[in-house]
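Asks: fold the following.
(chains A and B)
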Amino acid sequence: MTPSTDAAEVIIKAKTPNARTKPKQNIGYWKKFGAFYIMMTPALLVLLLNNYIPMIGSLIAFKQIEYSASGFIQSFLDSKWVGLDNFDYLFSTSDAWIITRNTLLYNAVFIVLNLVIGVTLALLFNAMRNRRLAKLHQTAMFLPYFLSMVVISYLVYAFLNPDIGIMNRFVLPWLGMEPIDWYTEPKWWTIILPIINTWKGIGYYAVIFLAAIIGIDNEYYEAAKIDGASRWRQIRSITLPLIRPVIIILTLLQIGRIFYSDFGLFFQVTRNSGILYDTTLVIDTYVYQSFIVSGDIGMSSAAGLYQAVVGFVLVLLSNLVIRRISKDDALF
Amino acid sequence: MAAARSNRPQSLHDISNLSNFLINGFFWIYTILCVLPLVLVIAVSFSDENAVLVNGYKLWPEKFSLSAYDFLLSDWWSIVRSYGTSFFVTLVATLIALLTMSLYAYPISRQDFTHRKLFSFLMFFTMLFNSGLVPFYLLYAQGLNLRDNLWVLMIPMFVQPFFVLVLRTFFTNSVPSALLESAKIDGSGEWRIFAQIVLPLSLPVLATVGLFCTLNYWNDWFLSLLFINDDSLYTIQFRMYQALLDVTFLSANSSAYSAILAQNPDYQLPTETVTMAMAVVGIGPIVLAYPFFQRFFVKGLTVGAVKG
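Replies: Predicted structure coming up:
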């Protein structure tokens, strides 16, 4: 259709009140928004591929997949339903308990550390007199955030190498302790992983909290000062309450992901050492391990679906709780 | 001024000298802790292998040596090729991702678009519910047969819901709808409005989202781990991952290495220093680039902190 006929139609429509009948309206809709649908098509295709088709594929968890020569989709359709058998297997092993515990505990610790240390760092940044110096420190603190988990695993290895790493060669002797074989002793990783996670990610959280703090109107502090409020009092009664929405949103986003872990952290940094699994195996690495390495489709898709469903419920629950407490801060 | 400061605080945010001193001290220590591991890796990579084996990693090379880099250079082609793959994937995928995401974000940012809620929800829902690794892997590897194909390193991250919501928020808040209205009255179609009004006005958010995408693509190794077996398609991150697992991997396909061995049968692979040299090679561009990009990221994070 050419632009001139378009314009003509608009004029005709405007002149004749009867033109506002249902079918004509539909044509108008497509003319008005048709371009939008074409614009959205590429992203919709990607969503379909990445998210929506695999959601249907989650049904694998209820099937016993048997590969046939007739292709993947056919073998998916042909495989027989086994109900909850895959889940039964999964939860009859001790793995299910270990991965659930590890995933939840680590993430809980990460959330608390990100919040407490992030806010503290932001407050300290804000208190610094020398803005130039503050920028420099911020740049340094942000550096680890830019590094990939592969790089982080090299850096950690430089510290934890059992023979010649910094920890065993310098730090432990200096503290008067015996060398530790880091990559074979599970218990230490309950401390190491939170340290690494905080070290890598805290720049991100500190920056967001700092931005929120900077956004606070100075008048509040002026008023507080006139009333004789101490710095602590100002932080407690002005800064923290005013950055509460940001705190809640960030925490909520993390709680929503509490059943998911940073695969790189638990896979790369631990060098996927099987001896450490007791304290390092999380759902994500378990799914990878049982699927790609052991080829156990049933068990790993059951674990994956367990993760997805419980994760989903947790997002809804945490959002619900926030809604109860303060409606404005809820995500949806 | 110093005298004035000792009498009473100059500004609202002023603090006592002691706390200023403590805070500064704390941040210097923290800054050192952030930079130290990198310095350590670089120092080891320039050290002599034997000195490292005897004395352990040191923050300053006791005996300076380039042998680790000599060795890596003997297999320079595979490293250059990995860099090439990484750069190609990062650049092409970031551009496509930016375009795809803004094309989606624009319609759902338009208040007069009847179904914007529905399409926003389709995007948002993928943040809540995720099907997991197995169906995802099977679809790409078996359904689409994209194993050992560079597209599989790009497509999965073309659309990242959080960025789409950030773009949408920016379009809604920062592109005046009156401007769109007047463009429409002047006879511009939606494509024209998008390309000539919305995009130019949104450069700040496009830059930040683009940088985040660049970082995600450059640092990604997981998709390679899942889908890439062909040595010639390794990204630099994946090559680093392989090298940390097994240093001899670096020399597996290197004819130069066998040439060295033929000349000198006693040649010992300097494993420790080569590992760290590989890390330095892999870290390279990101560490060099990040001080310049950092402020964009900081800006972007604060855009992202706005509720979507």
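Asks: buried ones in the helix or strand containing B:Asn216?
Replies: Using DSSP states H and E, B:Asn216 maps to helix B:203-219. Applying a neighbour-count criterion of 16 or more other Cβ atoms under 10 Å in any protein chain shown, one finds B:205-206, B:208-219 buried in helix B:203-219. C-beta: built from backbone N, CA, C; applies to glycine.
Asks: once you drop chain neighbours, what's closest to B:Thr271?
Replies: Among residues not flanking B:Thr271 along the chain, B:Val247 sits closest, at 4.6 Å (Cβ to Cβ, 6 or more residues apart in numbering or on different chains).
Asks: ok, the one you found touching B:Met276?
Replies: No: applying Cβ atoms under 8 Å as the test, B:Val247 and B:Met276 come out as separate, 10.3 Å apart.
Asks: give me the more crowded residue out of these two.
Replies: B:Met276 (27 against 18; other Cβ atoms under 10 Å in any protein chain shown).
Asks: quick check, pLDDT for that one.
Replies: At B:Met276, the predicted lDDT confidence score is 92.
Asks: in the stretch 201-308 of chain B, what residue is nearest chain A?
Replies: Chain A sits closest to B:Asn219 of the stretch 201-308 of chain B, with a gap of 3.5 Å, by Cβ to the nearest Cβ.
Asks: check the closest residue to that residue other than its chain neighbours and give its pLDDT.
Replies: Nearest in space to B:Asn219, with sequence neighbours left out and distances taken as Cβ to Cβ, 6+ apart, is A:Ser148 at 3.5 Å. Looking at A:Ser148, its pLDDT is 93.
Asks: what count of nearby residues applies to A:Ser148?
Replies: Around A:Ser148 there are 24 other residues, counting by other Cβ under 10 Å.
Asks: who are the neighbours in contact with it?
Replies: Listed by Cβ atoms under 8 Å, 6 or more residues apart in numbering or on different chains, the contact set of A:Ser148 reads A:264, B:218-221, B:237, B:286.
Asks: export the residues you listed to CSV and tack on pLDDT?
Replies: Below are those laid out as CSV (pLDDT from 0 to 100):
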residue, pLDDT
A:Gly264, 94
B:Trp218, 94
B:Asn219, 94
B:Asp220, 95
B:Trp221, 95
B:Gln237, 94
B:Ile286, 82
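Asks: B:Tyr140: which of those residues is nearest?
Replies: B:Asp220 (14.3 Å; Cβ to Cβ).
Asks: quick check: residues of the stretch 201-332 of chain A near chain B?
Replies: The stretch 201-332 of chain A has residues A:204, A:207-208, A:211-212, A:218, A:221-222, A:225, A:231, A:245-246, A:249-250, A:256, A:260, A:263-264, A:268, A:271, A:284, A:287-288, A:291-292, A:297, A:300-301, A:303-305, A:307-308, A:311-312, A:315-316, A:331-332 near chain B, with proximity defined as Cβ under 8 Å from any Cβ of the partner chain.
Asks: show me the strands in the chain, by range?
Replies: Just going to use chain A. A:63-64, A:80-81 (DSSP state E).
Asks: against B:Phe136, how distant is the residue in the stretch 51-200 of chain A that chain B sits nearest to?
Replies: The nearest approach of the stretch 51-200 of chain A to chain B comes at A:Gly57, 2.8 Å away (Cβ to the nearest Cβ). Relative to B:Phe136, A:Gly57 is positioned 8 Å away (Cβ to Cβ, to the nearest Å).
Asks: so how far is B:Trp60 from the closest residue to A:Leu143 other than its chain neighbours?
Replies: Excluding the flanking residues, the one nearest A:Leu143 by Cβ to Cβ, 6+ apart is B:Cys34, at 5.3 Å. Going from B:Cys34 to B:Trp60 by Cβ to Cβ gives 19 Å.
Asks: do the same with A:Ala302
Replies: 52 Å.
Asks: so if I had to pick from these two, which one is more boxed in?
Replies: Neighbour tally, A:Ala302 and B:Trp60, criterion other Cβ under 10 Å: the higher count belongs to A:Ala302, 28 against 10.
Asks: these two touch, right, that one and A:Thr93?
Replies: No: using Cβ under 8 Å as the test, A:Ala302 is too far from A:Thr93 to be in contact (11.0 Å).
Asks: how long is stretch B:48-65 from one end to the other?
Replies: Start-to-end span of stretch B:48-65 (Cα to Cα, to the nearest Å) is 5 Å.
Asks: for stretch A:156-169, same thing?
Replies: Start and end residues of stretch A:156-169 are separated by 14 Å (Cα to Cα).
Asks: now that stretch: buried residues?
Replies: Residues A:156-161, A:164-169 are the ones in stretch A:156-169 that count as buried (16+ other Cβ under 10 Å).
Asks: give me the contact status of it with chain B.
Replies: Yes: contact of stretch A:156-169 with chain B (Cβ under 8 Å from any Cβ) involves A:157-159, A:161, A:163-166, A:168-169.
Asks: kindly calculate the angle that the helix or strand containing B:Ala277 makes with helix B:203-219.
Replies: Assigned by DSSP H and E, B:Ala277 belongs to helix B:271-304. Compare the direction of helix B:271-304 with that of helix B:203-219 by axes from the mean of the first three to the mean of the last three Cα atoms, to 10 degrees and you get 150 degrees.
Asks: centre of the chain to stretch A:47-61, how far?
Replies: Here the centre of stretch A:47-61 is set off from its chain's centre by 20 Å, with Cα atoms, centre = their mean, to the nearest Å.
Asks: and if you look at stretch B:119-131?
Replies: Averaging C-alpha positions (Cα atoms, centre = their mean) puts stretch B:119-131 24 Å from its chain's average.
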